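Undergrad: Pasting the sequence and the predicted model now:
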Amino acid sequence: MSNIVGLFIKYGPEIVEAALAAECHYLDTTGEQDWVLDAEARWASSTRRRG
């Protein structure tokens, strides 16, 4: 799943959750440092467990 719509910090979580539910990869075009840190904190461990 590819996300190219910003504000990632605002709209990104729904897309990441949809990608996880569909068991597919997530990719975005962000340069928002706050989003990158938030996404890593929220989903890094669950995505590592899934491989």
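TA: It's in.
Undergrad: Surely residue 23 is in contact with residue 50?
TA: Yes - applying C-beta atoms under 8 Å, one finds residue 23 in contact with residue 50, separated by 7.4 Å. In short, each C-beta sits where N, CA and C put it, glycine included.
Undergrad: Give me the phi and psi for residue 8.
TA: According to degrees, to the nearest 10, the main-chain angles of residue 8 amount to phi -60, psi -40.
Undergrad: Need the pLDDT of it.
TA: On pLDDT, residue 8 comes in at 93.
Undergrad: now do the one 10 residues further on
TA: The pLDDT attached to residue 18 in the predicted structure is 94.
Undergrad: which residues does the closest residue in space to residue 15 that isn't next to it in sequence contact?
TA: Closest residue to residue 15 apart from its sequence neighbours, by C-beta to C-beta, 6 or more residues apart in numbering: residue 3 at 4.6 Å. Shown in contact with residue 3 (C-beta atoms under 8 Å, 6 or more residues apart in numbering): 11-12, 15, 26-29.
Undergrad: For residue 5, see how far away the residue most central in space within the chain is.
TA: Ranked by distance to the mean C-alpha position of the chain (C-alpha atoms, centre = their mean), the top residue is residue 16 at 4.0 Å. Using C-beta to C-beta, to the nearest Å, one gets 13 Å for the distance from residue 16 to residue 5.
Undergrad: Over to residue 50?
TA: 24 Å.
Undergrad: Same check on residue 26?
TA: Spatial separation of residue 26 from residue 5 under the definition C-beta to C-beta is 13 Å.
Undergrad: Of the two, which one has the most company?
TA: residue 26 (18 against 12; other C-beta atoms under 10 Å).
Undergrad: what's the closest non-adjacent residue to that one?
TA: Using C-beta to C-beta, 6+ apart and skipping residues adjacent in sequence, the residue nearest residue 26 is residue 19, 4.0 Å away.
Undergrad: Would you agree that neighbour is in contact with residue 25?
TA: Yes - at 6.8 Å, residue 19 and residue 25 qualify as touching, with contact defined as C-beta under 8 Å.
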